[in-house]
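K.L.:
here is a sequence together with a model predicted from it:
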Amino acid sequence: MFIDTNALIYMQVPETPNHRTTRNRIEIALDNKEPLRISRQIVREYLAAVTRPQSWRDPITLEQALDDAENFLQTFEILEDGPQVTDTLIQLCRETPIGGRQIHDANIVATMLAHGESQLLTFNTADFQRFTNHIQIINS
């Protein structure tokens, strides 16, 4: 299962919506030795998101965010970006009319597909709905 940025934030920040749901889902997956995957894009997005002001709390310190990032890199399998991901991204963009920020979501899907992953844990279901002929969205 690939973990989207919002799920990592929900897992780490108790004040966020879906904190308990996300934390439980990831803990169960870890207990069951289910492969949990992220990409370096997700790590960058996490760092950007948690270190800027949010409506639900003050941003966490850069040091804490960096500690979280190091923990993610040790805990989760990293799906690397590369030529196959880029080729898959281009194909997805040809199939699905998208642009702007949606390219970032398409790159997540391309990374998943290039590595044979089909499940995405995300609470931004609307962002990924256009790709459900390629992936399964999990939000519980």
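P.N.:
Cool, got the structure.
K.L.:
so Phe76 makes contact with Ser39?
P.N.:
No: assessed by CB atoms under 8 Å, Phe76 is found out of contact with Ser39, at 9.5 Å. For glycine as for every other residue, the C-beta is placed from the backbone atoms N, C-alpha and C.
K.L.:
between those two, which one's more packed in?
P.N.:
Legend: neighbour count by other CB atoms under 10 Å for Phe76 and Ser39, higher for Ser39 (24 against 21).
K.L.:
phi and psi next, for the more buried one.
P.N.:
Ser39 adopts backbone torsions of phi -130, psi 170, taken as degrees, to the nearest 10.
K.L.:
measure it to Met112 for me?
P.N.:
Distance, Ser39 to Met112, using CB to CB, to the nearest Å: 9 Å.
K.L.:
one more: Asp4?
P.N.:
Distance of Asp4 to Met112, computed by CB to CB: 10 Å.
K.L.:
any low-confidence regions in the chain?
P.N.:
Where the chain drops to pLDDT under 70, the residues are 55-58.
K.L.:
picking that back up, what do Ser39 and Met112 both touch?
P.N.:
Residues touching both Ser39 and Met112 (CB atoms under 8 Å, 6 or more residues apart in numbering) are Phe2, Leu79.
K.L.:
ok, residues contacting stretch 61-73?
P.N.:
Leu8, Gln12, Ile38, Ile42, Val43, Tyr46, Leu47, Val50, Thr51, Ile60.
K.L.:
show me which of those are buried.
P.N.:
Leu8, Gln12, Ile38, Ile42, Val43, Tyr46, Leu47, Val50, Ile60 (16 or more other CB atoms under 10 Å).
K.L.:
name the helix or strand for the residue of the chain most remote from its centre, please.
P.N.:
Distance from the C-alpha centroid of the chain, by CA atoms, centre = their mean, peaks at Arg94 (22.6 Å). Counting by DSSP states H and E, the element that carries Arg94 is helix 83-95.
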